[in-house]
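Colleague: missing the sequence, but the structure's below:
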C-alpha cells in the first residue's frame, strides 16, 4: 500500500496550524514541528479578529473553504462587535481558551504535533527539501514543506535591533531562538525596516494582569471589551514609529492608554515605563504578563522573510512554501491563517502533481498577497507594514471596493469567481 504524501510544517503559530489543517484535509499526512511547548506563537497573547478589513478576509477565506480556525476564534470570543480607536466590529478571542481548542482540533484531524522540536538542519537536493532535522537529532522526511517559523528572535536580534530580550511569549532563552527553514534551504531572506529607518519593528502590544488593575477599570473592560484612559501629557511615551502594527500608529494611541479584554488586559503599545504607568489612576498596581519586561521593550519582528511568489512557493525551491510573517510584512493572526491555509493547500496540490493555486486579486486575500510581494521590492515598501485592518493595505482595499463587512456580499464575490469551496479537499 502506497503511503500518503507528507507535509512537514515548521512552526506552530497560527500560520503553521492553518497550513497543517489545510494539508491534512486535502489528503496529506501532516507533521507540525513546534519549537516550544505550546501552539499559536504570538497568538497566545493576541486576540483581535474581524476588525476593519479582517472581517472581509475572514469571510472570504471561510467561503473559499478554509474557515476552520476562524470558527474556533469565533467560538472562543469574549467580545463581539467591539469598536475602539480606528477600528470597527472587532471580535476579541479568549487567549486562555483558544490555544487548547486549536490543539484539540488538530488532534481530531490526526495531525502529528511534535513539541520542543526546533528545526536546525535541512537536507536539500536539486532545489527540493528532502528532510529536516531538529535539535534532538530527529529526522522528518517529507514530500512538501511549509516554513511558518515567523520573523522574530532569537535573543541577539532583540538586543541588536530593540531594547534587549523582554522575556516575551516566544521564550527563546528556554527553547532556543527561531531558526528559519528558508535559510536552512539556502535561500537569502529579506529584512524589513521600521518607520525610523531601523531594521525590524517591535511587537505592538503588551499584556497586563487584569487582577492588577482597579476594579472599576476591570468592570468596564469586561462589560464593553475596551477601555480608553487619557494620559497626562507628562506621562506620554511615543513609540508609534517602532510598532510592527502600523494600523494602531494613530494619535489616539499616543495620547491614551487603550486596553482590550482578551482575558488579560491587552495594552496597545509596544512597551510603557512601569513607574509612569503606575502613576495613572487605575494602574497603581499594574503588572506585566507579557512581555515580563514590558516596561522596557518587546520582541522585534520582520527580521527574516522569504522571497516568494503569489502561490507562496519560496523562490529558489521546488517544494517549500511559506506562511505568516515568513511570507512578508503581513501583520496579524487573520493574515497568518489566510496565508497558512493557502500554503497548506498548495503544498497538497504540488504533492499531488498539480500546479499551485494563486488567489485572484479580485479578492481581498489575493490582493493582499500580491500587493505585499510587489511593495517589498521597493525601499519604501520595506518600511511599511501590511494588514487587512489598517494602514496602506486597508486603504488600498477600500479604494478597490474589497473592504466589506457584509457576509452575504463577500460570499457572493467568491461565488462569482467560481471559487466557493476552492480550498477544500482536492477532488471534492
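Modeller: All right, it came through fine. Note that this is a predicted model, so its numbers are computed, not measured.

Colleague: rest of the way, CA atoms for contacts and neighbours
Modeller: Will do.

Colleague: right, and residue 338 touches residue 366 too?
Modeller: No: Residue 338 lies out of contact with residue 366 (C-alpha atoms under 8 Å); the separation is 9.7 Å.

Colleague: Pick out whichever of these two has more residues nearby.
Modeller: The residue with more neighbours, out of residue 338 and residue 366, is residue 338; 28 against 19, by other C-alpha atoms under 10 Å.

Colleague: Now do the strands for the stretch 201-350 of the chain: every range, in order, please.
Modeller: Taking DSSP state E, counting those that start in this stretch, the strands of the stretch 201-350 of the chain run over residues 201-202, 206-208, 226-230, 256-261, 265-267, 288-290, 300-301, 320-322.

Colleague: list the helices and strands the longest one packs on?
Modeller: What it means is strand 256-261. Counting contacts by 3 or more C-alpha pairs under 8 Å, 6 or more residues apart in numbering; DSSP states H and E, strand 256-261 packs against helix 215-224, strand 226-230, strand 265-267.

Colleague: what about 6 Å?
Modeller: With contacts taken as 3 or more C-alpha pairs under 6 Å, 6 or more residues apart in numbering; DSSP states H and E, strand 256-261 sits against strand 226-230, strand 265-267.

Colleague: With mean pLDDT added, can I get these in CSV?
Modeller: Formatted as CSV, the helices and strands packed on strand 256-261 follow (pLDDT from 0 to 100):
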stretch, mean pLDDT
strand 226-230, 97
strand 265-267, 97
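
Colleague: any idea which of those is most buried?
Modeller: Most buried of the helices and strands packed on strand 256-261 by mean neighbour count (mean count of other C-alpha atoms under 10 Å) is strand 265-267; its value is a mean of 25.

Colleague: Could you tell me which ranges of the protein sit under the pLDDT cut-off?
Modeller: For the chain, applying pLDDT under 70 flags the ranges 1-2, 240-248, 426-428.

Colleague: could you redo the last one with a cut-off of 50?
Modeller: Low-confidence regions of the chain, defined by pLDDT under 50, span residues 428.

Colleague: circling back: ranking the strands of the stretch 201-350 of the chain by burial, who's on top?
Modeller: Counting by mean count of other C-alpha under 10 Å, the most buried of the strands of the stretch 201-350 of the chain turns out to be strand 320-322, with a mean of 32.

Colleague: helices or strands up against that one?
Modeller: Partner elements for strand 320-322 (3+ C-alpha pairs under 6 Å, 6+ apart): strand 144-147.

Colleague: Can you give the distance from the strand it packs on to the centre of its chain?
Modeller: 17 Å (C-alpha atoms, centre = their mean, to the nearest Å).

Colleague: sorry, back to before: as JSON lines, the strands of the stretch 201-350 of the chain with distance to residue 379 would be great.
Modeller: As requested, the strands of the stretch 201-350 of the chain are arranged in JSON lines below (distance: least, C-alpha to C-alpha, whole Å):
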{"stretch": "strand 201-202", "distance to residue 379": "15"}
{"stretch": "strand 206-208", "distance to residue 379": "29"}
{"stretch": "strand 226-230", "distance to residue 379": "35"}
{"stretch": "strand 256-261", "distance to residue 379": "32"}
{"stretch": "strand 265-267", "distance to residue 379": "31"}
{"stretch": "strand 288-290", "distance to residue 379": "32"}
{"stretch": "strand 300-301", "distance to residue 379": "17"}
{"stretch": "strand 320-322", "distance to residue 379": "22"}
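
Colleague: so which of these comes closest to residue 15?
Modeller: With C-alpha to C-alpha, the closest approach to residue 15 among the strands of the stretch 201-350 of the chain belongs to strand 320-322: 8.9 Å.

Colleague: still on that earlier bit, quick one: closest of the strands of the stretch 201-350 of the chain to residue 101.
Modeller: strand 256-261 (18.9 Å).

Colleague: ok, residue 159 - contacts?
Modeller: By C-alpha atoms under 6 Å, 6 or more residues apart in numbering, residue 159 lies in contact with nothing.

Colleague: what about it, helix or strand, and which?
Modeller: According to DSSP states H and E, residue 159 maps onto helix 155-161.

Colleague: In that helix, which residues are buried?
Modeller: Using 16 or more other C-alpha atoms under 10 Å as the test for burial, helix 155-161 gives 155, 157, 158, 159, 161.

Colleague: Longest helix in the chain, by number of residues?
Modeller: Counting residues, the longest helix found in the chain (DSSP state H) is helix 333-351.

Colleague: just checking, what packs against that one?
Modeller: Helix 333-351 sits against helix 14-25, with contacts defined as 3+ C-alpha pairs under 6 Å, 6+ apart.

Colleague: hmm, who's touching the helix it packs on?
Modeller: Here helix 14-25 makes contact (C-alpha under 6 Å, 6+ apart) with 30, 40, 148, 323-324, 336-337, 340-341, 343-345, 348, 425.

Colleague: just stretch 118-137 next, same as before
Modeller: The contact list for stretch 118-137 (C-alpha under 6 Å, 6+ apart) reads 35, 117, 139, 140, 141, 142, 184, 317, 318, 319.

Colleague: Looking at those residues, which is nearest residue 79?
Modeller: Nearest to residue 79 among the contacts of stretch 118-137 is residue 35, at 30.8 Å by C-alpha to C-alpha.

Colleague: Just the buried positions in the helix or strand residue 395 falls within, please.
Modeller: Assigned by DSSP H and E, residue 395 belongs to helix 391-399. Using 16+ other C-alpha under 10 Å as the test for burial, helix 391-399 gives 391, 392, 393, 394, 395, 396, 397.

Colleague: Does anything pack onto that helix? Which helices or strands?
Modeller: Applying 3+ C-alpha pairs under 6 Å, 6+ apart, we find helix 391-399 packed against no helix or strand.

Colleague: want to try TSV for the contacts of helix 14-25, with neighbour count as columns?
Modeller: Rendered in TSV, the data for those read as follows (neighbours: other C-alpha atoms under 10 Å):
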residue	neighbour count
30	29
40	23
148	34
323	35
324	33
336	26
337	28
340	34
341	31
343	34
344	36
345	32
348	31
425	18
